[in-house]
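Q: Sharing a model prediction with you, sequence too.
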Amino acid sequence: MWNGESKLSAVSVDQEALNRLVMNYLLIEGYKHAAEKFSEESGIEPELDLDLIVDRMATRVAIQNGDVQLAIEKANDLNPLILDENPRLYFHLQQQKLIELIRASKIEEALQFAQDELAPRGEENPEFLAELEQVMALLIFEDIHNCPVSDLLDPSQRQKTASELNAAILSSQCQEKDPKLPNILKLLKW
């Protein structure tokens, strides 16, 4: 059996290195106020402009609130090329918009949106078509919250889309897109 405490106590970690890992996590995950406070307490300066976090997190909040169009607009404000350079991301944002229409029971609008915006992308990319078919399956069931693809309506689906957009924004700003801390913790557990 793995005894994490004994293994962890055997590892010597430099406090500044640990503080940098924590700061890295706070910045990438978008915890601006926590990063500011942590900077004051630890003396570790953030590696990026903290004001950029506010704009980036506004896209995440918009998606988590189901306002995908606002997230797209904010992402374009940050970098007008971000969605042009990431067709998969753009498809996933449009797919999330379709999910939100279905969630709101706007079935006619959802069908029109799928036909106009998503079907052409599905024809171009078979992988997109399979994902679109999953979302369209929500329309088959009377009780969409109790069907085989109901996980698309879970908050975790919004989070997944928001994280994908967050990573793309970070990449476009020449920043790391994944925090180091979770990976190091996984290595320690292993």
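A: Okay, I see it. As the structure is a computational prediction, the values presented were derived from the model and not from experiment. Numbers count the residues shown, from 1 in each chain.

Q: Confidence-wise, which helix or strand of this protein is lowest on average?
A: The helix or strand of the chain with the poorest confidence is helix 4-10; it has a mean of 61 (mean pLDDT, DSSP states H and E).

Q: what's the residue closest to the geometric middle of the protein?
A: Ser163 (1.0 Å; Cα atoms, centre = their mean).

Q: residues touching the closest residue to that residue other than its chain neighbours, list them.
A: Using Cβ to Cβ, 6 or more residues apart in numbering and skipping residues adjacent in sequence, the residue nearest Ser163 is Arg60, 7.9 Å away. The C-beta positions use only the backbone N, C-alpha and C, and glycine is treated the same way. Applying Cβ atoms under 8 Å, 6 or more residues apart in numbering to Arg60 gives the contacts Gly30, Ala71, Ala162, Ser163, Leu165, Asn166.

Q: of those, the lowest pLDDT goes to which?
A: Across the set of those, Gly30 stands lowest in pLDDT, at 88.

Q: Count the residues that sit near that residue.
A: Burial of Gly30, expressed as a neighbour count using other Cβ atoms under 10 Å, amounts to 21.

Q: Ok, the one 4 residues further on next?
A: By the measure other Cβ under 10 Å, the count of residues near Ala34 is 15.

Q: is it true that it touches Leu27?
A: No - with contact defined as Cβ atoms under 8 Å, Ala34 does not count as touching Leu27 (9.7 Å).

Q: Quickly note the distance from Ala119 to Phe128.
A: Going from Ala119 to Phe128 by Cβ to Cβ, to the nearest Å gives 10 Å.

Q: Counting neighbours, go ahead and name the busier of these two.
A: Ranked by neighbour count (other Cβ under 10 Å), Ala119 and Phe128 place Phe128 first, with 21 against 15.

Q: Now the helix or strand containing the more buried one: average pLDDT?
A: Secondary structure from DSSP states H and E places Phe128 in helix 126-136. Here helix 126-136 scores 93 as its mean pLDDT.

Q: which helices and strands does that helix pack with?
A: Counting contacts by 3 or more Cβ pairs under 8 Å, 6 or more residues apart in numbering; DSSP states H and E, helix 126-136 packs against helix 87-103, helix 119-124.

Q: what angle do the helix or strand following that helix and helix 126-136 make?
A: Next along the chain after helix 126-136, taking DSSP H and E as the criterion, comes helix 155-172. Orientation note: helix 155-172 sits at an angle of 150 degrees relative to helix 126-136 (axes from the mean of the first three to the mean of the last three Cα atoms, to 10 degrees).

Q: which other residues reach helix 155-172?
A: Residues contacting helix 155-172 (Cβ under 8 Å, 6+ apart): 28, 30, 56, 59-60, 63-64, 66, 68, 71, 75, 78-79, 81-82, 85-86, 89, 92-93, 95-96, 99, 151, 176-178.
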